[in-house]
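>>> Here is a sequence together with a model predicted from it:
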Amino acid sequence: MRRLVVPFVVLLTAAGALTTACGGDSAPAGTVRLLTHDSFFISDDARAAFTAATGLRLEVRRAGDAGSMVNQAVLTAGNPVADVLYGVDTTFLSRSLDADLFLPYQSPLLAGLYPGLAADPQHRVTPVDFGDVCLNYDKAAFATIPPPQTLADLADPAYRGLLVVQDPSTSSPGLAFLLATIATFGEEGPYTWKNYWADLRANDVRVAAGWEEAYYGAFSGGAGEGDRPIVVSYASSPPAEVIYADPPVGEAPTAVVTDGCFRQVEFAGILRGTRNESAARALLDFLLSERFQEEVPLTMFVFPALASVELPPEFVAHTRVPTAPLTMDPARIEANRDRWIAEWASIVLR
Amino acid sequence: MTARSRLALAVVAAPPLVFLLAFFVWPVASIVATGLFPSGRFAGGAFRRAVEGGLPGVAWFTLWQAAASTVLTLLVALPGAYVFARYDFPGKRLLRALFAVPFVLPTVVVGTAFLALIGPGGLLGIRLDGTIWAILAAHVFFNVAVVLRTVGGLWSHLDPRLEEAARLLGASRGQVFTRVTLPLLRPALAAAASLVFLFTFTSFGTVLLLGGPGLATLEVEIYRHTTALFDLPLAAVLALVQMAGVTAVLLAYSRYQERRAVEQALRPAIEVARRPGTPAERALVGGTVAGTALLLLGPPAVLVARSLNTGEGWGLGYYRALGRPGRAGALLVDPLRAVGNSVSFALVATAVALVVGLLAAVVIAYHRGRASRWFDTLLMLPLGTSAVTIGFGFLLALDAPVDLRSSWLLIPLAHALVAVPFVVRAVVPVMRAVRTRLREAAAVLGAPPRRVWREVDLPLVSRAAAAGAGFAAAVSLGEFGATAFIARPDTPTLPLAVFRFLGQPGRLNFGRAMAMSVILMVVTAAAVALIDRLRPPGLEEF
Amino acid sequence: MLEVQRATVRVGDWSLEGVDLVVGDAEVLAVLGPSGSGKTTLLRAVAGLQALDAGRILWDGDDLAGVPPHRRGFGLVFQDFALFPHLDVGRNVEFGLRMQGVPAAERRRRAAAALERVELPGIERRRVATLSGGEAQRVALARALAPGPRLLLFDEPLGSLDRGLRERLTGELRRLLSSLGVTALYVTHDQEEAFGLADRVMILEAGRALQVGTPEEVWRVPDGEQVARFLGLRNILDGRVTGSRAETAAGTIPVPPGTPEGPVRLVIRPGAFRLDPGGTILGQVMARTFRGEAYAVEVAAGGVVLEAHLPRAPSPGDQVRLAVDPAGITHL
């Protein structure tokens, strides 16, 4: 029996030693950890600037798409894998607040942000950037007929077979677009969002699983090789088409329909259970600083929350920031999202 | 069983068992328990909700599309496995490595290539996207390599004299195949079929991408309910149903394998394979290789073409652009670092998978009986378990005694979890087929049991182990499932780099994503080719 | 010295039951028996590959129970040779020496010597898959010999070879074994092989040892009908002896001196018959088979069928008279 136990003990000890040696979670005191989604980006220069200013090393941890990241944070509430979370957006905000993920923190830089972005009076989350989910269209396809002006236009038989959207249950812009239609057509009255989607279905709307499949697979504009000239994407997509054109172009091949844009604000917050709250605050302040804010348009193709940041020229020339984007109360989203998605599926997919 | 051999069994079985318990059973149990017992009370309503929410339909679709995909994959792959096993032809080694490529390509990348072929305005002139046919075609594409390797491995060692004997006894070619070859290949066929079934049973990206939102497997529903809807009780029910289905199939497989195992006189591959002689043979070899190549290399060829087709004509512009900083003055992702990360993870994952897999294979191959059957099933289960379940389970379970939840180590461990079954599957049939006579010969010549294993079994199975390791490496290089749901350090791998580029609009980004995919393909093919070559010395002919 | 005492192995309905045998130093003992007789099981038990259900196996008086095969220091030549397909000839032969930790140079020298002894010098680098049947057999023998085993076990090592080769190798093996002075246990179903090789022969049938003796003893005086039948002696007749004659169903025949009076069972060797117009056995030829030196002729006489080896061949249907040489008759 003893001979049986010995190898076990040796093995477990070895495994333990290995995992400890390999880092585990033995973050040094001078490190601050940021939990974020796969689309997050920070340049090496900005990282170095953060370390230079604070003496802290930034460790980025990624956890899939925004939904997956928020849910992981909820599962580990109070015992987090990081100090700060960045990237919870309007559609998931309520869930994260309900789960009591964050410690309140009122950054001194809040005053410089665009008004109206902040969503939590207790300052548990702080807006860092925002993006507008808008219809994009392939300019080349609308040489003879005019491009759509409003969401309602899409139900017009003239635009039959032209639109591709994303499944709201698997795609963040897809969910934003569904919310845009609910905000536009409402849940009451003779013509609700459900009627609208029934019309879209009759008008041969195509549904793709995610943004990549819709934009690169089904959309005809930009690099896409599909056959649909209208796609749900972002207000920042046309500038991206110019910046990442090949060969360089003077004019964006796509354009934005400014009606029916849904504004997604991305927030950051200090995770309850952080081992270093002051470092976490420093990181949050850094996310709001000019150094970081000025690179987000070109790295993540979102708009900075800091009002004083000048947008790159391509953003000025090739897109329009919607003046009156649609929004929705995060609590209302949280209360209805699952039902809306299920109803949407029964209208569009069944 | 003597006390001594029981002790030996325990020692050999312990590492794989501990590995599985720590990195699979405990995490999955944690997440399922969290789902089923929210705030400590059993959420029985989730079962009712699942049934009302269309679970039976989803389960049925999951099952039959997996069965259909498996049968189709076997049918498509068998001619290729035969030709690779029985004939020598120029470029065989290269093609064998290339044919493993589809297996590791990220679904999104292949999806776009597939859409270019069978989607709107597709090169093939037929539209299959949004239909079950697109899913089946993609499943065949992804999994042919599994059958080619697993079945081809055994086939290349089958004694051709057995078939000759059957011919002389009056059997027609068809009868020889159905009465002699097929039964002899059964262990490998069953192994390959069970793997393909598991992959397609838990298919996620392919179904999401090519099937359109109307068609959903259990895996897709688990993903939706976990990450988007955060309905953990329902996700737990779905995960249980999925695992129950997978377990049933695996146990049936395991029983079958035990009953059917025959000791076989294996021959060195070099003796089995020969150059095609007659024109008919040349036509057979040429036709089969060309057909398989067309199927397997068509979509990758589309990727290559796209990566070279820049806005300024054909060229390497997109590849050069990989290392060029963007407009913000920073590199979106450093391609060299991505290659380095991917290769390092693959090395660690392959090493872990080899050690765990070989030890587990010893237990399964030499100690028959119910316990070993359950062990085999348990090892395979991670393949049939949702990546979301495992990823989220890691998060819940691995915080103590050491907080591993966001260690880089989790990535190769998750890869190894998925890769171990490949090693086991590749090795067990050969281990069982190694003749007892050889072991006895070694024992009588003075080799103690462990030495027998090292001197006889290990060299003989290492060919199979190399094949398994090749797969393990490939799995690790291309894996995107579980790692996407692990809170991982900022260590971009090749598939993640592809996604970075694909996640932003602009022709240049799309081109760079294609270029990165091609690099992923090349690295994978190189890794597989290298491991195929790394067979221990003295084994060239076996 | 190898001693097997009351060795018993039970497998389902079949069993090896209480077999005793002794193989003295430098002696070659052949265990001769038909398939299913248990000879291979006995051999495997000696090698340690098969556990005994009862009985003991001793080497120089030490009980080998609990000594695993790799510590017994025995060599075994398998029927199908069991050469390692992943090793070349040289490394196959060196295998046992390597297990003993013999240094490489010494190993190579001794492997070369072993190959030389089996008359296959210089084939170390050949792959085993390219060996002919006879070559493989010799390599297997060289492999078993190389580590210098205290006992050599042979499991029908010539069984899969053609007749001519088998006869030649039997002779070579005999010379080799006697020149090495090695102790050997040799299992076969072929009596010519057993008689040609062994100092003593044990007849095993259905798990029981029937007779042990020198080849001559066993051949001359089979111990019982089973042994006689196994040795291919099919002319077994009941008779009643009076003086030097016996009355049998086939006729009255002479018996050798010393045959007891009264009822007796007699074995007549086929070679003891001759065609003789004055012979006492009158019969009819049923069939004949050409055997080179003689014809094997089946003769029906008085309700029994006798096999006779005759230099001239009567045709089937012919009436013949046969005389018997009493030297070719034994009683059981």
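Alright, I've got the coordinates.
>>> remind me which residues of the stretch 401-542 of chain B are low pLDDT?
Residue ranges of the stretch 401-542 of chain B with pLDDT under 70: B:480-483, B:487, B:534-542.
>>> Apply 90 and report the result again.
For the stretch 401-542 of chain B, residues meeting the criterion pLDDT under 90 lie at B:401-411, B:414-415, B:418-419, B:421-441, B:444, B:446, B:449-542.
>>> Pull up the residues of it that are close to chain A.
B:401-409, B:484-490, B:496, B:499-500, B:502-511 (CB under 8 Å from any CB of the partner chain). For the C-beta atoms, the positions are set from N, CA and C on the backbone; glycine is no exception.
>>> let's see it at 10 Å
B:401-409, B:413, B:483-492, B:496, B:499-514 (CB under 10 Å from any CB of the partner chain).
>>> Spatially nearest residue to C:Pro68 (excluding sequence neighbours)?
C:Gly48 (5.9 Å; CB to CB, 6 or more residues apart in numbering or on different chains).
>>> Quick check, the one you found in contact with B:Ala443.
Yes - if you go by CB atoms under 10 Å, C:Gly48 and B:Ala443 touch, sitting 7.8 Å apart.
>>> Roughly how far does A:Pro80 sit from A:Arg33?
9 Å (CB to CB, to the nearest Å).
>>> residues shared between the contacts of these two?
Counting by CB atoms under 10 Å, 6 or more residues apart in numbering or on different chains, the residues touching both A:Pro80 and A:Arg33 are A:61, A:271, A:274-275, B:406, B:487.
>>> In those residues, which residue is surrounded by the most others?
Using other CB atoms under 10 Å in any protein chain shown as the neighbour criterion, B:Ser406 leads those with 29 neighbours.
>>> which SS state does it fall under?
coil (DSSP: H, G, I helix; E, B strand; the rest coil).
>>> and the gap between the residue nearest to C:Pro68 and C:Leu151?
11 Å.
>>> Next: C:Ala142.
17 Å.
>>> A:Thr184 now?
95 Å.
>>> Same check on B:Thr278?
In terms of CB to CB, B:Thr278 sits 53 Å off from C:Leu151.
>>> Which of these two has more residues huddled nearby?
C:Leu151 (20 against 8).
>>> quick one: that one from A:Leu34, how far?
From C:Leu151 to A:Leu34 the distance is 74 Å (CB to CB).
>>> Just give me the neighbour total for the residue in the stretch 201-350 of chain A positioned nearest to chain C.
Nearest residue of the stretch 201-350 of chain A to chain C, counting by CB to the nearest CB: A:Glu212, 48.5 Å away. Neighbours of A:Glu212 under the rule other CB under 10 Å: 22.
>>> contacting residues around the closest residue to chain B within chain A?
Closest approach between chain A and chain B, counting by CB to the nearest CB: A:Tyr244, at 2.5 Å. Neighbouring residues of A:Tyr244 by CB under 10 Å, 6+ apart: A:222-223, A:301, B:321, B:326-327, B:332, B:501, B:504-512.
>>> Chain neighbours aside, what residue packs nearest to it?
B:Gly506 is the one closest to A:Tyr244 (CB to CB, 6+ apart), at 2.5 Å.
>>> my guess is the one you found meets A:Phe301, correct?
Yes - assessed by CB under 10 Å, B:Gly506 is found in contact with A:Phe301 at 9.3 Å.
>>> Can you pull the residues that touch both of these two?
With CB under 10 Å, 6+ apart, B:Gly506 and A:Phe301 have common neighbours A:237, A:239-240, A:243-244.
>>> Can you tell me which of these is closest to B:Gly57?
A:Ser237 (36.5 Å; CB to CB).
>>> Touching, the closest one and A:Ala223? I think so.
No - A:Ser237 lies out of contact with A:Ala223 (CB under 10 Å); the separation is 11.2 Å.
>>> And for stretch B:45-55, what's in contact with it?
A:342, A:350, B:35-36, B:38, B:43, B:56, B:58-59, B:61, B:216, B:218, B:221, B:225, B:231-238, B:240-241.
>>> same thing with stretch C:211-224?
So stretch C:211-224 is contacted by C:20-22, C:29-32, C:191-192, C:194-205, C:210, C:226-231, C:233, C:236, C:265, C:267, C:269, C:330-332 (CB under 10 Å, 6+ apart).
>>> buried subset of the residues you listed?
Buried members of the contacts of stretch C:211-224, scored by 16 or more other CB atoms under 10 Å in any protein chain shown, are C:21, C:29-32, C:191, C:194-205, C:210, C:226-228, C:230-231, C:233, C:236, C:267, C:269, C:330-332.
>>> So which of the residues you listed belong to helices?
Within the buried ones among the contacts of stretch C:211-224, residues falling in helices by DSSP state H are C:191, C:194-197, C:226-228, C:230.
>>> Nearest to chain B, out of those residues: which one, please.
Nearest to chain B among these, with distances taken as CB to the nearest CB, is C:Leu197, at 20.2 Å.
>>> Show me the domain layout of the chain.
Just so you know, I chose chain A. A:28-130+A:265-304, A:132-263+A:319-348 (automatic domain parsing).
>>> I was thinking of chain C, sorry if that wasn't clear
According to automatic domain parsing, the domains of chain C span C:2-230, C:236-331.
>>> avg pLDDT for the shortest one?
The one in question is domain C:236-331. Averaged across domain C:236-331, the pLDDT comes to 88.
>>> what about it, how long is it end to end?
Start-to-end span of domain C:236-331 (CA to CA, to the nearest Å) is 9 Å.
>>> so how far is it off the chain centroid?
27 Å (CA atoms, centre = their mean, to the nearest Å).
>>> Which residue ranges of the stretch 201-350 of chain A form strands?
Secondary structure of the stretch 201-350 of chain A (DSSP state E, counting those that start in this stretch): strands located at A:206-208, A:230-234, A:254-271, A:303-304.
>>> Name the nearest residue to B:Thr150, sequence neighbours excluded.
B:Ala192 (4.0 Å).
>>> what's the neighbour count on that neighbour?
30.
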